[in-house]
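**Student:** Sequence and predicted structure are below.
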Amino acid sequence: MNRAHTKIVDHEGLLRRRAEARAAGRRVVQCHGCFDIVHPGHIRHLKFAKSQGDILLVSITGDDEIRKGTGRPLIPQELRAENLAELDCVDWVYIEPAATAQELLDAVRPDIYIKGREYEHNDDPRFRAERETVERHGGRVVFSSGDVVFSSSALIEAMEQSIDPFHHRLSRLLDEPDLQTDKLETLLASMRGRRVVIVGELIRDTYIFCDRPDVAGESPMMTLRPVEHRFYDGGAAILARHAAALGAKPVLVTAMPDDEAARMMRSRLESEGVGVRAITQRTPIAEKQRFLVGATKVMKVDRLEQAALDARERERLAALASAACEEEGGCDAAIIADFGLGLLTPALIGRLCAMLRPSSAVLAGDVSGRRAGLEQMAGMDLLCPSESELRDSRRNYGDSLPAVAWDLLEKTGTRSAIVTMGPEGLIAFDRIAGVEGEGWQSRLRGEHVPAMTPHAVDALGCGDALLTSATLALASGGSLLAGAYLGAIAASVEARTLGNMPVGAATIRREMNRIAAAHVRLTTSGMGVIESTSRPAQAMREAS
């Protein structure tokens, strides 16, 4: 019998094991929840829980008692239990038929009951009853540490010794109706001709390739000798080029100086089908220089001058964006991208959201780095921050990732968010209908999509490829999951490319079909993995 199956116990077996553990003086820790989709978030929580004792019991709410909207749970209780049992940090798994864990806690009497940090000041009567039950029997309620660990070597090693969750998760994803090849093909084809307006700053990404470094004789510092320069369009310009490569009709609204570099960039954009509408700025295009030895980046120099625009010029920029969206009866999508160079102030971002919303079928946004603009992006259909950008925007580094995502979505009135986590993939969060006043536990759906690149050659531009592809997918009638999946594919292609280059529909289609073909071959052969070339560099990281 598979060892994982021996971890799943019935009520009688659970109480027997608990009695044996008590007699042996072993400390039992319990976690309880739905665990519908075990995404990056949960394992961080479970690893912390296991570190608090000797035995980790994870109890899951049975199918009949899950009330998280239509179609929930997405995964039946038996498979949810099996998923958890595959994790090395989990010792026992029990399916709880009751609506809460109170009766089970009364029977098991765990030494420690673990809940997420967001429950620390929660006055939910259900949790209050659970807490009182645990403490009545001499146990303790401990809240997750809240440590923000963006990469955990210990977790990676532990998980790679067990089942590889990437293979398991991707294989299940490919069985989703929205991710069937024919539907994705139709979705990609539907992007052609879509009108998308992109508002944001321009960046010139310069790669300076150097010969091997040496140590200077005057002091212990590195000496580099440039041998080649390569220039790439960045910022809002690459968003527009991605959209054009996907067959859309992009219009870029930005600020440009009157110099040769700007004229060359404009010519490049227009030759690819990008309409450019720009106000004049007095500073040169921001340049980010990266010095490389081989394919390794060794230093970065930002040559940035904050855009010095007065209120009248910003009003003109907003008017250009509004007019572009209103043409031809409205646009299919609009993207507001704040790269932190001063063109888009928080006040202007808020004004743009209000102005573009009525004429944009899909409104999406993103920021680069620690920008206050993320909280000003109100009424959006989609936000695409990284986990660090999300946490920075809410100044919340302790609560679980779903709780922080819900906080941002609620504050901004945004429908959904795709939160990226580098080599550990992304989570697509979607608000669902529910009783007013209920929190994220009942009204937030999360789908994890693993990273699809084993070792990134260059992470520059991955978020831009994701944002554009996902936005166009939504504008073409696709689901959030389909948009996140196509965006993840576009990001993986970008990650394998040195520099910042547009990712086209043909490239995404080829990669999509390759992954689907590998899934079919391995499913037919009965093997439980996908091609090793699709495996990410790191195992999933979880935060609940």
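**Tutor:** Yes, it's here.
**Student:** CA atoms for contacts and neighbours, from now on please.
**Tutor:** Will do.
**Student:** quick one: contacts for R277?
**Tutor:** 251-254, 320 (C-alpha atoms under 8 Å, 6 or more residues apart in numbering).
**Student:** Confirm that it lies within a helix, as I assumed.
**Tutor:** No - using DSSP: H, G, I helix; E, B strand; the rest coil, the assignment for R277 is strand, not a helix.
**Student:** Could you report the separation of it from V196?
**Tutor:** 13 Å (C-alpha to C-alpha, to the nearest Å).
**Student:** List the residues that are in contact with both of those two.
**Tutor:** With C-alpha under 8 Å, 6+ apart, R277 and V196 have common neighbours V251.
**Student:** So A107 versus A49, what's the distance?
**Tutor:** In terms of C-alpha to C-alpha, A107 sits 20 Å off from A49.
**Student:** So these two - more neighbours on which side?
**Tutor:** Using other C-alpha atoms under 10 Å as the criterion, A107 and A49 rank with A49 on top: 29 against 14.
**Student:** other SSEs contacting the helix or strand encompassing the more buried one?
**Tutor:** Per DSSP states H and E, A49 falls inside helix 42-50. Here helix 42-50 touches strand 28-33, going by 3 or more C-alpha pairs under 8 Å, 6 or more residues apart in numbering; DSSP states H and E.
**Student:** name the helices or strands packed onto the strand it packs on?
**Tutor:** helix 42-50, strand 55-61, strand 112-115.
**Student:** The ones you listed: lowest mean pLDDT?
**Tutor:** When the helices and strands packed on strand 28-33 are compared by mean pLDDT, helix 42-50 comes last with a mean of 88.
**Student:** can you give me the offset of that helix from its chain's centre?
**Tutor:** 20 Å (C-alpha atoms, centre = their mean, to the nearest Å).
**Student:** Could you list the domains of this protein?
**Tutor:** 3-147, 177-534 (automatic domain parsing).
**Student:** any chance of those in TSV, plus distance to S171?
**Tutor:** Formatted as TSV, the domains of the chain follow (distance: least, C-alpha to C-alpha, whole Å):
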stretch	distance to S171
domain 3-147	13
domain 177-534	7
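**Student:** Name the stretch among these that sits most buried.
**Tutor:** Mean neighbours per residue, mean count of other C-alpha atoms under 10 Å, is largest over the domains of the chain for domain 177-534, with a mean of 20.
**Student:** what about E447, helix or strand, and which?
**Tutor:** strand 444-449.
**Student:** And the helix or strand just after that strand, what does it pack against?
**Tutor:** Downstream of strand 444-449, the first helix or strand assigned by DSSP H and E is helix 462-475. The contact analysis (3+ C-alpha pairs under 8 Å, 6+ apart) places helix 462-475 against helix 236-245, strand 331-338, strand 360-367, helix 480-495.
**Student:** To V29, which of these lies closest?
**Tutor:** Smallest distance to V29 across those (C-alpha to C-alpha): 34.0 Å, for helix 480-495.
**Student:** avg pLDDT for that closest one?
**Tutor:** 96.
**Student:** go on, stretch 360-370?
**Tutor:** pLDDT averaged over stretch 360-370 gives 91.
**Student:** pLDDT below threshold where in the stretch 401-544 of the chain?
**Tutor:** For the stretch 401-544 of the chain, the stretches flagged by pLDDT under 70 are 433-442, 454, 519-544.
**Student:** One more pass at 80, please.
**Tutor:** By pLDDT under 80, the low-scoring segments of the stretch 401-544 of the chain are 433-443, 454-455, 518-544.
**Student:** one step back: what is the nearest of the contacts of R277 to R204?
**Tutor:** Of those, the one sitting nearest to R204 (C-alpha to C-alpha) turns out to be T254, at 13.8 Å.
**Student:** Could you double-check that the closest one lies in contact with V199?
**Tutor:** Yes - counting by C-alpha atoms under 8 Å, T254 touches V199, with 6.0 Å between them.
**Student:** which residues are common contacts for those two?
**Tutor:** A236.
**Student:** At which residues are the helices of the stretch 251-400 of the chain located?
**Tutor:** 260-271, 311-326, 346-356, 387-394 (DSSP state H, counting those that start in this stretch).
**Student:** between those helices, which one is nearest to R510?
**Tutor:** helix 260-271 (24.7 Å).
**Student:** What's the mean pLDDT across the closest one?
**Tutor:** 96.
**Student:** just checking, what packs against that helix?
**Tutor:** Going by 3+ C-alpha pairs under 8 Å, 6+ apart, helix 260-271 lies up against helix 236-245, strand 275-280.
**Student:** Please list all residues in contact with C325.
**Tutor:** 196-197, 331, 334, 356, 359-360.
**Student:** could you redo the last one with a cut-off of 10 Å?
**Tutor:** 195-198, 251, 319, 331-334, 355-361 (C-alpha atoms under 10 Å, 6 or more residues apart in numbering).
**Student:** can you check S479 too?
**Tutor:** S479 neighbours (C-alpha under 10 Å, 6+ apart): 178-179, 187, 470, 473, 485.
**Student:** what do you get for V276?
**Tutor:** V276 neighbours (C-alpha under 10 Å, 6+ apart): 197-198, 237, 240, 250-256, 266-267, 269-270.
**Student:** 7 Å instead?
**Tutor:** 251-253 (C-alpha atoms under 7 Å, 6 or more residues apart in numbering).
**Student:** Tell me what it is bridged to.
**Tutor:** Judged by DSSP bridges, the bridge partners of V276 are L252.
**Student:** re the thing from before, run the angle between the strand holding E447 and helix 480-495 for me.
**Tutor:** Per axes from the mean of the first three to the mean of the last three C-alpha atoms, to 10 degrees, the angle that strand 444-449 makes with helix 480-495 is 40 degrees.
**Student:** Can you list the strands that strand 444-449 pairs with?
**Tutor:** strand 426-431 (antiparallel).
**Student:** List the contacts of the strand it pairs with.
**Tutor:** Under C-alpha under 7 Å, 6+ apart, the answer for strand 426-431 is 415-420, 443-450, 481, 484.
**Student:** which one of those residues is nearest A85?
**Tutor:** H448 (18.7 Å).
**Student:** Quick check: the closest residue in space to the closest one that isn't next to it in sequence vs S51, distance?
**Tutor:** Closest residue to H448 apart from its sequence neighbours, by C-alpha to C-alpha, 6 or more residues apart in numbering: I427 at 4.4 Å. As for I427, its distance to S51 is 25 Å (criterion: C-alpha to C-alpha).
**Student:** Also S271?
**Tutor:** S271 is 58 Å from S51, by C-alpha to C-alpha.
**Student:** And for E82?
**Tutor:** Taking C-alpha to C-alpha, one finds E82 at 22 Å from S51.
**Student:** Likewise for R3?
**Tutor:** From R3 to S51 the distance is 21 Å (C-alpha to C-alpha).
**Student:** and stretch 32-41, how far from the chain's centre?
**Tutor:** The answer for stretch 32-41 is 16 Å, by C-alpha atoms, centre = their mean.
**Student:** just stretch 228-248 next, same as before
**Tutor:** With C-alpha atoms, centre = their mean as the basis, the mean position of stretch 228-248 lies at 22 Å from the chain mean.
**Student:** Repeat that for stretch 461-479.
**Tutor:** With C-alpha atoms, centre = their mean, you get 13 Å for stretch 461-479.
**Student:** Let's see it as CSV, backbone CA atoms only.
**Tutor:** What follows is stretch 461-479, C-alpha atoms only, in CSV (Å, rounded to 0.1, in the frame of the first residue of the first chain):
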residue,chain,number,x,y,z
GLY,A,461,10.2,41.2,-18.5
CYS,A,462,8.4,38.0,-17.2
GLY,A,463,5.8,40.1,-15.4
ASP,A,464,5.2,42.2,-18.5
ALA,A,465,4.6,39.2,-20.6
LEU,A,466,2.2,37.8,-18.0
LEU,A,467,0.2,41.0,-17.6
THR,A,468,-0.3,41.5,-21.3
SER,A,469,-1.2,37.9,-22.1
ALA,A,470,-3.6,37.5,-19.1
THR,A,471,-5.3,40.8,-19.8
LEU,A,472,-5.9,39.9,-23.5
ALA,A,473,-7.2,36.5,-22.5
LEU,A,474,-9.8,38.1,-20.2
ALA,A,475,-10.7,40.6,-22.9
SER,A,476,-11.2,37.8,-25.3
GLY,A,477,-13.7,36.0,-23.1
GLY,A,478,-11.3,33.7,-21.3
SER,A,479,-11.5,32.7,-17.6
